[in-house]
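J.: Only the shape, not the letters, is given here:
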């Protein structure tokens, strides 16, 4: 007999990773019980979400690995990881890259790792990432880390999901910073200059500091941390920067903003579900036979 959703939720709160995996699958695929799981989440008692983003090759996964090691130094900490991977062209599922990258943590009973395929999402986030990360709150993790696909400026979506957004860059990204500063630069709470043992790192940090404006208020500016993640250098400082930001964030209005952004995405998703693309094609085929056909008029009429 299929386990009741209420029993599943109780087991998740007891840190049963198998039950958590099952609940995430139910929500991701909108199976029976999905709404019941989502409606059981308490949004006033939540785990901080750390979003880690940045261009390919910056070392995001190495940073995540090192940060996990740092957080596990506290015996009571448990960590949930959502790794957004490119969609496999063969089965439209995640290519499970994080399982390779984070193999050292896979069997740790204090760490839970979940791969999610982008499924065509352009912003580095799966359309289901919001709901899946919310389900993970049921497990009472001390931290939830979301690592996004490195696709550049469109990753600004992460700001609507993470309590602390970390942008990972490398010293060679000087020219790239100039091109992305109008987008993703504005959403980072903490900048990490990884591989900072390379030539030009100090100059890059100095130039980056000039681009980083005080966006949280007169007394708070985005932090810049130098790391060499492969050697664990700068990781304690990164953890301290996260703690500092989360402490500040609790005092400002970002939580309301985050909830509004998430509500917008969820409303948009639910409204789009009623659109039948096959029906849309058929109706356009009929409508365009009219010599006075106008796409904008058609769309307005279609939504009525």
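T.: Perfect, I can see it now. Given the structure is predicted, the values throughout are model-derived calculations rather than measurements. Numbers count the residues shown, from 1 in each chain.
J.: Just give the number of residues close to the closest residue to residue 234 other than its chain neighbours.
T.: Nearest in space to residue 234, with sequence neighbours left out and distances taken as CB to CB, 6 or more residues apart in numbering, is residue 227 at 3.3 Å. Bear in mind the C-beta positions are built from the backbone N, C-alpha and C, glycine included. The number of residues packed near residue 227 is 25, by other CB atoms under 10 Å.
J.: and residue 227, what does it touch?
T.: 63, 66, 192, 193, 194, 196, 233, 234, 235, 237, 238 (CB atoms under 8 Å, 6 or more residues apart in numbering).
J.: for it, phi and psi?
T.: Here the main-chain torsion angles of residue 227 (degrees, to the nearest 10) amount to phi -140, psi 160.
J.: Next: the one 4 residues further on.
T.: Main-chain torsions, residue 231, degrees, to the nearest 10: phi -110, psi 10.
J.: And residue 77, by the same measure?
T.: phi -70, psi 140.
J.: so it touches residue 142, yeah?
T.: Yes: using CB atoms under 8 Å, residue 77 makes contact with residue 142 at a distance of 4.2 Å.
J.: what's the overlap in contacts for those two?
T.: Common contacts of residue 77 and residue 142 (CB under 8 Å, 6+ apart): residue 71.
J.: Tell me how many other residues crowd residue 274.
T.: That count, for residue 274 with other CB under 10 Å as the rule, works out to 6.
J.: Return the distance of it relative to residue 302.
T.: Using CB to CB, to the nearest Å, residue 274 is found at 11 Å from residue 302.
J.: Likewise for residue 56?
T.: Per CB to CB, residue 56 is found 39 Å from residue 302.
J.: same for the strand or helix carrying residue 269, what does it pack against?
T.: Per DSSP states H and E, residue 269 falls inside helix 254-272. Applying 3 or more CB pairs under 8 Å, 6 or more residues apart in numbering; DSSP states H and E, one finds that helix 254-272 contacts helix 129-136.
J.: any residues touching the helix it packs on, and which ones?
T.: Contacts for helix 129-136 (CB under 8 Å, 6+ apart): 12, 20, 23-24, 27-28, 37-38, 41, 47, 49, 80, 82, 84, 112, 114, 116, 126, 144, 146, 160-161, 262, 265-266.
J.: Also compute the angle for it relative to helix 254-272, please.
T.: Put simply, helix 129-136 runs at 120 degrees to helix 254-272, going by axes from the mean of the first three to the mean of the last three CA atoms, to 10 degrees.
J.: Helix or strand next in line after helix 129-136, which one?
T.: Assigned by DSSP H and E, the successor of helix 129-136 is strand 143-147.
J.: Parallel or antiparallel, list what pairs with that following strand.
T.: Applying DSSP bridges, strand 143-147 is found paired with strand 49-53 (parallel), strand 79-85 (parallel).
J.: Which SSE is immediately downstream of that strand?
T.: Trace forward from strand 143-147 with DSSP H and E and the next one is strand 164-169.
J.: Which other helices and strands does that next one contact?
T.: strand 49-53, helix 60-71, strand 190-193, helix 235-249.
J.: Which one of those lies nearest to residue 294?
T.: Nearest of the helices and strands packed on strand 164-169 to residue 294, taken as CB to CB: strand 49-53 at 39.6 Å.
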